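A.B. asks: Pasting a predicted model and its sequence here:
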Amino acid sequence: MAAGRGARTWRFDTGRICLDLVATEPAGGAPGTCEQLDGPVRLARWLADARLVPPGTALTGLDDTWVTGFRELRSAVSCLMATQLGGPEADGALERVNALASGAPPGPRAVRGADGGLVRTLSAVPDCAALLAVVARDAVDLLTDPAARAALRRCQGEDCHRLYLDTSRGGRRRWCSGEVCGNRERVARHRRRTLRAADGRGPGRERGEAAPAGGG
């Protein structure tokens, strides 16, 4: 799911909020992706779109120190997930995530909305430490859950490095998003086939495609 405004957008299709945060880093997406959490305004929008805070929550204390805190947590989570996928151990990353996870997350409340239905709000205006704790705890939950760890994947799309949890039947999901990277790969495959046909080499077969039945 895409969110945000302007040319830069973020998506929430990784399956975990900690991985959604990692997806905002420049290395987390397609070529040309720039820093998405580039200031307090963008961070405030991400926190709301990620549903870490209810719509309309006034984050009066949000400043550049919050941006630094979320970027540091993002880096630590990214390093830990890379380690799970066979990368080297990252010095200090686990300690950083554990320290942030020990904080108290915001307390939720259910109140009556304008239409009489119950809506979520918070018992107090959250500070940075409380919101960092939510994401850090999600990372700890993922890292300590064998099933979740086994489902961790990195997108196979060209030049895409997004992480996601593969919950598909049979664990055959290849892309962070079938609509984005999957469609990009299908378009590129079609282009290669068209070029081969134009060169007189025939349609050919892409890697992973079955050979035609019979001999010859």
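C.D. replies: Sure thing, it's come through. Residues are numbered from 1 along each chain as shown.
A.B. asks: What count of nearby residues applies to Ala143?
C.D. replies: No, residue 143 isn't Ala; it's Leu. 18 (other Cβ atoms under 10 Å). Quick note: C-beta positions are derived from backbone N, CA and C, even for glycine.
A.B. asks: That one reaches Gln84, doesn't it?
C.D. replies: Yes: using Cβ atoms under 8 Å, Leu143 is in contact with Gln84, at 7.2 Å.
A.B. asks: any residues in contact with both of the two?
C.D. replies: Arg149 (Cβ atoms under 8 Å, 6 or more residues apart in numbering).
A.B. asks: Across the sheet, point out what pairs with Tyr164.
C.D. replies: For Tyr164, the beta-bridge partners under DSSP bridges are Arg153.
A.B. asks: Would you check that it makes contact with Gly15?
C.D. replies: Yes: counting by Cβ under 8 Å, Tyr164 does reach Gly15; the two are 5.7 Å apart.
A.B. asks: With neighbour numbers in mind, choose between those two.
C.D. replies: Neighbours were counted for Tyr164 and for Gly15 using other Cβ under 10 Å; Tyr164 has more, 23 against 19.
A.B. asks: which residues touch the more buried one?
C.D. replies: Neighbouring residues of Tyr164 by Cβ under 8 Å, 6+ apart: Asp13, Thr14, Gly15, Leu19, Leu152, Arg153, Cys155, Arg173, Cys176.
A.B. asks: For burial, what's the neighbour tally of the fifth one?
C.D. replies: A count of neighbours around Leu152, defined by other Cβ under 10 Å, yields 20.
A.B. asks: quick one: buried residues of the helix ranked longest in the chain?
C.D. replies: Assignment by DSSP state H gives helix 64-84 as the longest helix of the chain. Buried residues in helix 64-84, counted by 16 or more other Cβ atoms under 10 Å: 66-67, 69-71, 73-74, 76-82.
A.B. asks: now stretch 110-122
C.D. replies: By neighbour count on 16+ other Cβ under 10 Å, the buried set for stretch 110-122 is Thr121.
A.B. asks: Quick one: the strands in the protein, in order.
C.D. replies: Using DSSP state E, the strands of the chain run over 2-3, 10-11, 108-112, 118-122, 152-154, 163-165.
A.B. asks: Take these and write them to CSV, including distance to Asp91 and mean pLDDT.
C.D. replies: Shown next, in CSV, are the strands of the chain (distance: least, Cβ to Cβ, whole Å; pLDDT from 0 to 100):
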stretch, distance to Asp91, mean pLDDT
strand 2-3, 33, 50
strand 10-11, 28, 76
strand 108-112, 35, 94
strand 118-122, 35, 94
strand 152-154, 21, 93
strand 163-165, 20, 93
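A.B. asks: What count of nearby residues applies to the closest residue to Arg162 other than its chain neighbours?
C.D. replies: Excluding its sequence neighbours, the residue lying closest to Arg162 (Cβ to Cβ, 6 or more residues apart in numbering) is Cys176, at 3.9 Å. The number of residues packed near Cys176 is 28, by other Cβ under 10 Å.
A.B. asks: Pull the contacting residues for Cys176.
C.D. replies: Neighbours of Cys176 in contact, by Cβ under 8 Å, 6+ apart: Arg11, Asp13, Thr14, Ala23, Cys155, Gly157, Cys160, Arg162, Leu163, Tyr164.
A.B. asks: Fine by me, thanks again.
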